[in-house]
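Participant: Structure for the following, please:
(one chain, ligands or ions: 2)
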Amino acid sequence: MKLFSLANFPVDGKTVLLRADFNVPMEQGKVKDNRKIKAALPAIQYLLHKHCKIIIATHLGRPKGFSTQFSLKPVVKELQKRLPKRKIVLLPDCIGKDIRETIQKEKTQTIFVLENLRFYKEEEQNDSFFAHSLANLAEVYVNDAFGVSHRKHASVDAITQFLPSMTGLLFEKELQELSKGLFPEKPAVLLLGGAKLNKVGLVEQALRKFDHLLIGGALAFSFLKAKGISTGLSKIDPDSIVAAAKILQKPEAYKIILPLDFVAAESFSPKAKTEIVKYNQLKPNLVGLDLGPETISLFKKYLQPAKTVVWNGPLGYFEWSKFAVSTKEIGRFIGQLPDAITLAGGGETAEALTKFHLHHTLTHVSTGGGAAVEYLSGEKLPAVAALERSYKKFKGKI
Ligand code: 3PG
Ligand code: MG
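Facilitator: Ligands and ions are numbered 1, 2, ... in the order given. Model prediction:
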């Protein structure tokens with residue numbers, strides 16, 4: 001795989017279009033979690049150091065057309081807090097003559113943020129004209145938006161045919177760290193939670209390359225159901241049961257470790273009275289909301305000798321403290337493993353790690369959700385394919 005990379009590309013003094021993933025969780029008009037913004041700072045600082053004019057392009061949410069609710073204003077406010085001495089200008093649009101002229105007039109080392117790319121349906125349609133209009137603003141393109149690298153969108157894919165295109169510092173770090181989960185040092189353990197089995201590719205890959213797959217979260221109920229075990233009122237996703245049943249038929253299915261017990265309640269409430277029940281004793285009136293103590297011990301036993309741990313998906317309903325025990329305790333345990341490479345991906349997993357202040361105890365917490373899962377499944381990311389094509393097109397012409 002040959003790509004241009006920001007670290008060794010002559011960008012000095014250039015106008016650079018930096019695709020970032022500032023699709024951050026929002027709460028009451030404010031940025032709730034600024035992790036993705038902080039993760040983009042090294043590339044921004046680097047470009048400032050190289051006296052570039054920086055045009056940041058990102059999406060936020062899934063708007064249908066222009067909408068103030070999805071404006072990047074709060075994101076720019078947060079970015080300005082991180083770079084207090086820098087001039088950061090939010091532009092009212094992401095393409096057009098006026099935008100171009102405003103950028104041209106400003107000095108180098110100014111940071112521009114284009115308004116939400118997804119205000120244009122052409123972004124998600126990977127439209128070449130739209131991509132060309134974006135490319136028209138700059139001289140080179142840097143992709144630092146690892147979290148969107150599984151999307152074949154105009155600002156990720158089509159744009160790379162118009163500008164010499166390279167990986168940013170975060171993008172490269174993500175590939176480098178996550179590749180340790182793709183070629184794991186053994187023993188290797190995949191810890192999988194969340195609600196749905198929408199990551200069959202990751203499970204299949206892990207069945208081949210990992211030693212154990214520990215299944216928690218609501219996902220465990222799909223596996224139990226697929227084995228014909230009653231799961232009471234617990235959250236079940238019908239598609240996941242079908243997927244789980246297929247996986248359980250594979251010769252490597254012996255690697256899958258399911259929970260032994262759950263913390264269950266009679267109602268779905270943060271204050272519900274709880275009881276510990278065996279995995280096959282979930283009565284019709286009970287909902288399983290967290291892994292029980294026997295399961296926590298069992299999972300720790302498998303994790304203890306691991307040299308590689310990949311974690312995707314919370315293990316219980318961690319938003320409510322009564323049901324956060326397994327996610328917190330196993331998270332803490334993984335963070336303390338003395339010589340394991342520990343990787344986590346997925347929005348909810350990162351959210352849980354931040355909530356329990358465990359973020360910095362892991363080797364790497366990806367800024368990608370779907371992108372990390374796709375990469376760890378061994379699939380070629382559309383963004384990487386696009387950067388490779390751009391390399392072939394522009395090499396020798398720089
Ligand atoms: C994300 O947060 O998952 C990325 O920014 C991609 O956004 P999307 O899932 O809306 O395409
Ligand atoms: Mg997503």
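
Participant: mind listing the helices in the stretch 151-300 of the chain by residue range?
Facilitator: Assigned by DSSP state H, counting those that start in this stretch, the stretch 151-300 of the chain shows helices spanning 169-182, 200-209, 219-226, 238-248, 293-303.

Participant: and the first one, what other elements does it pack with?
Facilitator: Same thing as helix 169-182. When contacts are defined as 3 or more Cβ pairs under 8 Å, 6 or more residues apart in numbering; DSSP states H and E, helix 169-182 packs onto helix 35-49, strand 308-312, strand 341-345, strand 364-365, helix 370-376. Every C-beta, even on glycine, is put in place using the N, C-alpha and C of the backbone.

Participant: and the shortest one, average pLDDT?
Facilitator: What that stands for is strand 364-365. The pLDDT scores in strand 364-365 average 98.

Participant: Need the contact partners of that strand.
Facilitator: Outside strand 364-365, the residues that touch it by Cβ atoms under 8 Å, 6 or more residues apart in numbering are 173-174, 177-178, 180, 342-345, 349-350, 353, 359.

Participant: Contact residues of the stretch 251-398 of the chain facing ligand 2?
Facilitator: Counting by Cβ under 5 Å from the ion, the stretch 251-398 of the chain comes close to ligand 2 at G369, G370.

Participant: Of the contacts of strand 364-365, which is the most crowded?
Facilitator: Neighbours here mean other Cβ atoms under 10 Å. Within the contacts of strand 364-365, the largest count is held by G345, at 29 neighbours.

Participant: which ones are touching the nearest residue to A244 once chain neighbours are set aside?
Facilitator: In space, and not counting its chain neighbours, A244 is closest to A226: 4.1 Å by Cβ to Cβ, 6 or more residues apart in numbering. Applying Cβ under 8 Å, 6+ apart, we find A226 in contact with I241, V242, A244, A245, L248.

Participant: ok, for the fourth one, nearest residue in space, not its chain neighbours?
Facilitator: Of all residues not flanking A245 in the chain, A226 sits nearest, at 4.0 Å (Cβ to Cβ, 6+ apart).

Participant: P259 versus that neighbour, what's the distance?
Facilitator: 14 Å (Cβ to Cβ, to the nearest Å).

Participant: Relative to ligand 1, which residue of the stretch 251-398 of the chain is the closest?
Facilitator: Nearest residue of the stretch 251-398 of the chain to ligand 1 (Cβ to the nearest ligand atom) works out as G369 at 4.5 Å.

Participant: and what of the stretch 51-200 of the chain?
Facilitator: G147 (4.2 Å).

Participant: Put the buried members of the contacts of A226 into a PyMOL selection.
Facilitator: Only the buried entries of the contacts of A226 go into this PyMOL selection, using 16 or more other Cβ atoms under 10 Å:
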select buried, resi 241+244
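
Participant: now the contacts of A226 as a markdown table including pLDDT?
Facilitator: Listed next are the contacts of A226 as a markdown table, based on pLDDT from 0 to 100:
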| residue | pLDDT |
| --- | --- |
| I241 | 94 |
| V242 | 93 |
| A244 | 95 |
| A245 | 96 |
| L248 | 97 |
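
Participant: contacts with ligand 1 among the contacts of A226, please.
Facilitator: Residues of these in contact with ligand 1 (Cβ under 6 Å from any ligand atom): none.

Participant: now, which of the contacts of A226 sits nearest K97?
Facilitator: V242 (52.1 Å; Cβ to Cβ).
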